[in-house]
Structures are given as structure tokens and as C-alpha cells.
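S.K.: predicted model, plus sequence, below.
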Amino acid sequence: MSRIGRMPIAIPAGVTVEVAENNKVTVKGPKGTLERVLPPEMEIKVEGAQVLVSRPNDLKKMKSLHGLTRTLVNNMVVGVVNGFEKKLEVNGVGYRAAKAGKKLTLNLGYSHPVELEDPAGIETVVEGQNVIIVKGIDKEKVGQFAAEIRDKRRPEPYKGKGIKYADETIRRKVGKTGKK
């Protein structure tokens, strides 16, 4: 049995979870509404103040989908209550981030500034000149946009210049050494 799939999802006060046909799950909460169509094989039931996910049989594919489905529903519930955020750091001489309206401008050592527009449902906040916080209620979109920002200049292993996640450690390499 899937250990994660078996666990019930507690529904906090102020949150409603609805399951329509074809496993279309809608979660409404204080921060907004999330909708997602989940695998039709899984059985999703709302019982009292919790959501239960069960699978039809013990095939490998069903076992995989069981834990995944439960985690996706749980992420939706957590998202509408608390939201998700990813913190990015910009490291390097002359590298900086600025925010104007919905536009994020990054100076990353290229001949031009890189401009990114906040996608729908995602908000970016710049603290100082080198910390970017990506916030939203959809975990997948937050992670995707943070990854897109990081891709504009990945951290390099010699000096550590570039955009990295706050909790990421960069494996450093030793640079060149002079002749003796």
C-alpha cells in the first residue's frame, strides 16, 4: 500500500473541496481557487473534514498514481491556505534584479537587461538588489517560474556567479594554478 496515498488530507476551516466527474477537483480557500483534472482511475472522496484517495488495484501504475494524486490534492489545499514561495539569490559583480509593476528586470552581465513578465497567479518580490521571492498558490507554477528565472544565468562552479535558489549549494571547482 502506498504510505503517502493512504494518508487522509485534512481540510482546514474556510476551505472547500469539490470533486466533479472525471476527477476534476476544485479547491477554494482564502487565497484563491485551484482546479485540476486528476487521473480518472483514482477514487477521490470527501468525507467530513478530510479527503481520501484510494486506488482500484495493485498494479505498478496504480501504486504510482495513488501517491501522486494524494500529493497533488494536498498541494492544492496547502496552496489556497498558505501559498508557496521560492527564494532566489543573484550573485555576481554588477548582477542585480529590479521590479517595476509586473515586470522583473535582471542585469546579468549580458549586453542587454533581461525582462520577465509575472505570469497569471504568480507574484515576484525583490528584496534589496539580489534576492527574488516568487510567490503563488499553485506549487507547480511557482517552481516553474523560479526555474525559468534561474535559467537566465545558472550559477557557475568557479566563482559562484549567477542566479541560485537560496537553499541550493554550488559545488565549487578549483581554478587555474600558475606554473612553478
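M.R.: Sure, I can see it.

S.K.: C-alpha from now on. contacts and neighbour counts both.
M.R.: Will do.

S.K.: please name the residues that touch the closest residue to residue 12 other than its chain neighbours.
M.R.: Nearest residue to residue 12, sequence neighbours excluded (CA to CA, 6 or more residues apart in numbering): residue 49, at 7.4 Å. Each residue near residue 49 by CA atoms under 8 Å, 6 or more residues apart in numbering is listed here: 10-12.

S.K.: mind checking which of the residues you listed are in strands?
M.R.: Filtering those for membership in strands, criterion DSSP state E, returns residue 10.

S.K.: the strands in this structure, which residues?
M.R.: Using DSSP E, the strands of the chain run over residues 9-10, 16-20, 24-29, 32-37, 43-47, 50-54, 84-91, 96-100, 103-107, 114-117, 122-127, 131-136, 162-165.

S.K.: can you point me to the longest helix in this protein?
M.R.: helix 60-81 (DSSP state H).

S.K.: what lies in contact with stretch 25-35?
M.R.: 14-19, 24, 36-38, 73, 76-77, 79-83, 137-138.

S.K.: nearest spatial neighbour of the spatially most central residue of the chain, chain-adjacent residues omitted?
M.R.: Nearest residue to the geometric centre of the chain (CA atoms, centre = their mean): residue 143, 2.9 Å. The shortest distance from residue 143 to any non-neighbouring residue, by CA to CA, 6+ apart, is to residue 86 (7.1 Å).

S.K.: what is the burial count for the one you found?
M.R.: If you count neighbours by other CA atoms under 10 Å, residue 86 ends up with 19.

S.K.: cool, and the one 10 residues further on?
M.R.: Taking other CA under 10 Å as the neighbour definition, residue 96 ends up with a count of 22.

S.K.: residue 34 versus that one, what's the distance?
M.R.: Counting by CA to CA, to the nearest Å, the gap from residue 96 to residue 34 is 33 Å.

S.K.: can you give the distance of the helix or strand bottoming out on mean pLDDT in the chain from its chain's centre?
M.R.: None of the helices or strands of the chain scores lower by mean pLDDT, DSSP states H and E than helix 3-6, at a mean of 86. Relative to the centre of its chain, helix 3-6 is centred 22 Å away, using CA atoms, centre = their mean, to the nearest Å.

S.K.: who's in contact with residue 122?
M.R.: By CA under 8 Å, 6+ apart, the neighbours of residue 122 are 134-137, 141-142.

S.K.: again with residue 123
M.R.: Contacts for residue 123 (CA under 8 Å, 6+ apart) come out as 102, 134-136.
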